[in-house]
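Engineer: model this:
(2 chains)
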Amino acid sequence: MSNSFSKPGRWIAAGLALIAFTAVFYNLVKDNMPAGDVRKIEGYTPLPKATLQIAETIPVQEGGRIKPLSTFAGFTMLSFHGARSMEVQGDSAKLKITPTAWLMDTLFRPQLAVKMPTFRIDNSVVLEAIGVTARSKRDRYSYEEIEPARAKLIELAQSYETLKKTKKEAGQNDTLDPSQAQTIDLAYNLRSYESLLGYFGFARYGVKLTGSGKHGAPDQRADISALLITAPEIRKQVSSSKAQGTGLDPRIEDLLQQVFDAANFSKFGLILLPPANPKQPIWLSAGNAIYNTLTDTEGDAPLAIADIKLLESLARSVTEDEATFRTELTKVRDALAARATQRGEYRHIALEASYYRNAYFLNALVYFIIGTLTALAMWTVGKGKAGRILTWATFAATVTGLVYCIIAIVTRCIIMQRPPVGNLYDTTVFIATVVVFISLLIEWMTRRRFALGVAPILGTFFIILSRRFELGDAKDNMDPLVAVLNSNYWLTIHVLTITMGYAAGLLSAFLSFIYLLMRGLGLDDGDKDLRRSLTRAVYGMICLTLFLSLVGTVLGGVWANDSWGRFWGWDPKENGALLIVLWTLSILHARLGGYIREWGLHFASVFTAAVVTFSWWHVNFLGVGLHNYGFTAGKNSVYVFYAFVAAVLIFGVVVMAAEMSRKKAA
Amino acid sequence: MEFPETSPPSPKAPRSLPGRLFDLFSGFGLATITMLLLGLLTWFATLEQIDNGLYPTLTKYFDWKSLFLLPELNGKIVPLPLPGGYWVCAVLLVNLILGGVIRIRKGWSHAGNLISHFGIIFMLIGGGVSHHFSERGNMAVAEGESNNAAEDYFEYVVEIAEIKDGQPGPLRVIRGAQLTDLEGAKLRTFRLPDMPFDLEITSYLPNTVPVSATERAPDRGQLITDGYFLMEKPKLAKPEPAEQYTAGCYARVLLKDGTKSAPFILAGANFHPFTYRLGDRTFILDMRKRLWPMPFTLKLDQFTAAFHPGTMRPSKFVSKVTRSENGSDAKVTIQMNEPMRYEGLTFFQASYGPPGAGPGQKMYSVFEVVKNPADKWPEYSLWIVAFGMAVTFLTKLISFIAAGSRKKRHV
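Structural biologist: Next up, the predicted model:
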């Protein structure tokens, strides 16, 4: 940037940039913020942090892998609530509830959990249809508020599912309108939530021994674990009554009915019991363990009874003092962790729990935001002493953010035991990291401070994008990959290469955007050296984009040839990558032929962002092809981005035309 | 990095016509235009396949018969005539050879570009070879059973055989290439020298089903024969994959004495072949996907489908097979990302069944079978291109950094 200090235009530009940045930032994060008042829950006191930390490391099986309870809680909360935290008003203060705290309340303190604003419902039509009074958009509703309309909700959801099926069978477009799709989602969420709310019902209530209360006294209750000890005797009685053709003793029939009901309530929700047989890959829920023991289906009955007993003690201890609950929770965690360790399935649980606890990407975002603000100030004040301080501040903040990103990605690789990119979420955080890294490299080579400023801005943008994607998708992004992607070799050489190609293309576009902005607003004071430096950087990035995209695309073809039997299948994702290759090749050849010069190169480079966006994101919405992720959230954002690219190009053309007319006039 | 600035062309003596043609076909302008056109075609084809399906879209955009086309977006014609992709690729290949190999400036600084261009030419030629000479099909084998023929994915053929002692005799096959152009009223007579009749075929439809005239009246005046007519399958909101197309046509037997039989339908959707009796001789005529004999037999010893625990997300598909040829057996494992390559044929793990099979149920495995003379060419070309580009860009990067250092020293 130029050395002239405090030029008014520069301050105005910085102010405008700050407003634009704030507006974009607000728009991107507002979806995470719940609307409406904070809900007051009478008698609510949060579980202590130490207790929650024990709960975090309980292993559970979900999505084809073993993960910590905190991960399960995080994504379950995200899918119901649309955020990873919830605010409620306790008896004395406003409280921020973490996913693990929310799940623990749901499991162990359902009487409080049903009052929590768990369900995010954006579309008031859904609520009106089931007879619930709607509040503002993005507001959350408690189970207590929705439960009265449960029957209507299930009825509507079933009718919409039938409609979808009928349309599909008739070969018609089976896409439902948003309110219908959201009704189905809400019904599924409600059922999943109920499976968590009632999960420990078997432990809380046990079974009633009908007829045991003498002389008007209430009937006694027994633990299910105690009843399971008598399972062989019960089975014997059932067999003998069947053989003799006599009916089963009504008391035993009643008991059996109660046990099966209890098992059904705790059959889904949480799969947390590692089987004793190391060859059995599928873990059990409490309901599975009860059912298997009673029917002698499979597994180790004494172990299952011991597990159920442990869970009963835990569920009941919540009504006692906190220390007892924590002790019981520790016993459960240790028992399950020991068995998971024996099976070799507990290795990364603590690491994963700490990954989410430490929120590396959120920390990176904070530093990138600081870097963005200091960068804007750095560009504004020029190269004086303040400028130098701000340069170092920007550098420090950006490098810190980058380090956080690298730590997060490396941690994810260790947990997932695969290279860093395997799904769309992975691409966003990886691109954020690569873009920042390459920007810093460019800065090292050019020392002109434009790449340094670009780094935290793009870092902020991509980390927010990844958080938005995670919110919309609400699925664990560390779950194992499908068979065809299950190749660390190809994931490393093809997927990483192509993703770095996207990063290079987007960076080139953003550098050109900065060029057009500087030249258009006169922020560079006509400094030709600076312009040349930026142009060279853009040219280099286009070369890098071409190299990575071409090599990545052909490597993808080679992989496809090994997996699907064809090098090229005209799949939208493959076509998207080819478009990047063709576009960058066209730019370079047009440049070499003299058909485009400095302006043309930057216009073409800005358009590269649209080409990359089409390949990276847009093809996922098309609903065809082997690379289709089935992700549809945020489709409109892509069009907004295209509009932004078009606006930048129009701005550039206007600036160029104005310059040319000035030159002619001169 | 040296940013290549081009200087304005210096006045030169007028070029001869061949010289100007050479300039045109070897120039950066043509290279840029062909690549932009290819990009545009690829983009339109990507979007059009959503409405029209992949196979018809590819035929429209990249078949050699397609000289010009009008793209469609959301089912509406875009009034922008574009040249066919096949011919754009051909022009690009010529441009690459003339400009990227012959005309390009020679010397160490351009060695990387030259190598890259060679690699791309090799890749394009590989694509052409694959397009014209590769064959694809699939072979399903049940556990404990063997198979020695693959079925073509797309090509429908007409098979004619005489039944003797309850078994079909030698097959006469009319290949798809001789049938697909017989649309509408166009007909062709196929001479069958060792049969007592010839065959006349007309009104071929690539995706059709025989429909009973009592259920539905012909909508386009189709010929009704034996109570049925051929109806084109309706276009669905989600287009049917071309592998599921069922072709059909009308046929008529021409006896050597010049008499003709009544027309009849041959259709891929029919469960049974058409039976024709001539005196005491019986013949079957059938339309089906071409069977492709393999030079060896494949027996499926065991198929395993593994899923990530507690999910329906596949983690592994493994087929253990025995390949038998000339009395010798070889054990081979075929799985995702690890095909079997043998005698110019490649077997890929494609699918399996039956869906939702329980424990102990007999499984079958489906292999995609490909014969592609240019199977590995893209990979070889990749290394050439990558090497060439690495040389070019690294040279430029080093000179860019060196220029930067020199500048700093001057400061």
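
Engineer: Next, work out how far apart residue A:343 and residue A:278 are.
Structural biologist: 6 Å (CB to CB, to the nearest Å). For the C-beta atoms, the positions are set from N, CA and C on the backbone; glycine is no exception.

Engineer: which of these two has more neighbours?
Structural biologist: Taking neighbours as other CB atoms under 10 Å in any protein chain shown, residue A:343 and residue A:278 compare with residue A:343 leading, 19 against 12.

Engineer: how far away is that one from residue A:619?
Structural biologist: 40 Å.

Engineer: So which elements touch the longest strand belonging to chain B?
Structural biologist: Identified as the longest strand of chain B according to DSSP state E is strand B:281-307. Judged by 3 or more CB pairs under 8 Å, 6 or more residues apart in numbering or on different chains; DSSP states H and E, strand B:281-307 is in contact with strand B:135-142, strand B:146-164, strand B:248-255, strand B:264-267, strand B:274-278, strand B:314-325, strand B:345-353, strand B:364-371.

Engineer: contacting residues around stretch A:526-538?
Structural biologist: The contact list for stretch A:526-538 (CB atoms under 8 Å, 6 or more residues apart in numbering or on different chains) reads A:1-2, A:442, A:445-446, A:448, A:450-451, A:508, A:511-512, A:514-515, A:518-519, A:524, A:598, A:601-602, A:605, B:1, B:3, B:400.

Engineer: Can you spell out the domain ranges of the chain, please?
Structural biologist: In the absence of a named chain, this looks at chain A. Annotated domains of chain A cover A:1-32+A:359-480, A:39-201, A:202-347, A:492-666 [automatic domain parsing].

Engineer: not quite, I wanted chain B
Structural biologist: Using automatic domain parsing, chain B is parsed into the domains B:17-133+B:376-410, B:136-148+B:292-371, B:153-291.

Engineer: got the residue ranges for the strands in the stretch 1-150 of chain A?
Structural biologist: A:39-40, A:59-62, A:65-68, A:86-89, A:94-97, A:119-120, A:140-141 (DSSP state E, counting those that start in this stretch).

Engineer: gap between the two ends of stretch B:257-265?
Structural biologist: 23 Å (CA to CA, to the nearest Å).

Engineer: before we move on, the earlier item: for the helices and strands packed on strand B:281-307, give me a markdown table that also has distance to chain A.
Structural biologist: Formatted as a markdown table, the helices and strands packed on strand B:281-307 follow (distance: least, CB to the nearest CB, whole Å):
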| stretch | distance to chain A |
| --- | --- |
| strand B:135-142 | 7 |
| strand B:146-164 | 10 |
| strand B:248-255 | 19 |
| strand B:264-267 | 20 |
| strand B:274-278 | 29 |
| strand B:314-325 | 4 |
| strand B:345-353 | 4 |
| strand B:364-371 | 4 |
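
Engineer: so where's the stretch 501-650 of chain A shaky on pLDDT?
Structural biologist: A:623-635 (pLDDT under 70).

Engineer: Which residue comes closest to residue A:339 once chain neighbours are left out?
Structural biologist: residue A:274 (4.4 Å; CB to CB, 6 or more residues apart in numbering or on different chains).

Engineer: typo on my end, it should be residue A:310
Structural biologist: Spatial nearest neighbour of residue A:310, excluding adjacent residues (CB to CB, 6+ apart): residue A:332 at 5.3 Å.

Engineer: tell me the contacts of the residue in the stretch 301-411 of chain B positioned nearest to chain A?
Structural biologist: Residue nearest to chain A within the stretch 301-411 of chain B (CB to the nearest CB): residue B:308, separated by 2.5 Å. Residue B:308 sits next to A:63, A:64, A:65, A:479, A:480, B:314, B:315 when contact means CB under 8 Å, 6+ apart.

Engineer: who in the stretch 301-450 of chain A is up against chain B?
Structural biologist: For the stretch 301-450 of chain A, the residues in contact with chain B (CB under 8 Å from any CB of the partner chain) are A:445, A:446.

Engineer: which stretch of helix or strand covers the closest residue to chain B within the stretch 301-450 of chain A?
Structural biologist: Ranked by CB to the nearest CB, the top residue of the stretch 301-450 of chain A for proximity to chain B is residue A:445, at 6.1 Å. Assessed by DSSP states H and E, residue A:445 sits inside helix A:424-446.

Engineer: Check residue A:600 too.
Structural biologist: Counting by DSSP H and E, the element that carries residue A:600 is helix A:598-616.

Engineer: Likewise for residue B:210?
Structural biologist: Per DSSP H and E: strand B:208-212 holds residue B:210.

Engineer: For that strand, which helices and strands make contact with it?
Structural biologist: strand B:228-232, strand B:248-255, strand B:264-267.

Engineer: For residue A:191, which of these is the nearest?
Structural biologist: Across the helices and strands packed on strand B:208-212, residue A:191 has its closest neighbour in strand B:228-232 (44.2 Å, CB to CB).

Engineer: residues making contact with the closest one?
Structural biologist: Residues outside strand B:228-232 that contact it (CB under 8 Å, 6+ apart): B:203, B:205, B:207-213, B:216, B:218-219, B:222-223, B:248-250, B:265, B:267.

Engineer: Just the buried ones from those?
Structural biologist: Neighbour-count burial (16 or more other CB atoms under 10 Å in any protein chain shown) is assigned, among the contacts of strand B:228-232, to B:203, B:205, B:207-211, B:222, B:248-250, B:265, B:267.

Engineer: could I get those as CSV with distance to residue A:94 and pLDDT?
Structural biologist: What follows is those, written out as CSV (distance: CB to CB, whole Å; pLDDT from 0 to 100):
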residue, distance to residue A:94, pLDDT
B:203, 77, 95
B:205, 70, 95
B:207, 64, 93
B:208, 69, 95
B:209, 67, 94
B:210, 72, 94
B:211, 69, 94
B:222, 75, 89
B:248, 72, 96
B:249, 76, 96
B:250, 79, 96
B:265, 76, 96
B:267, 72, 96
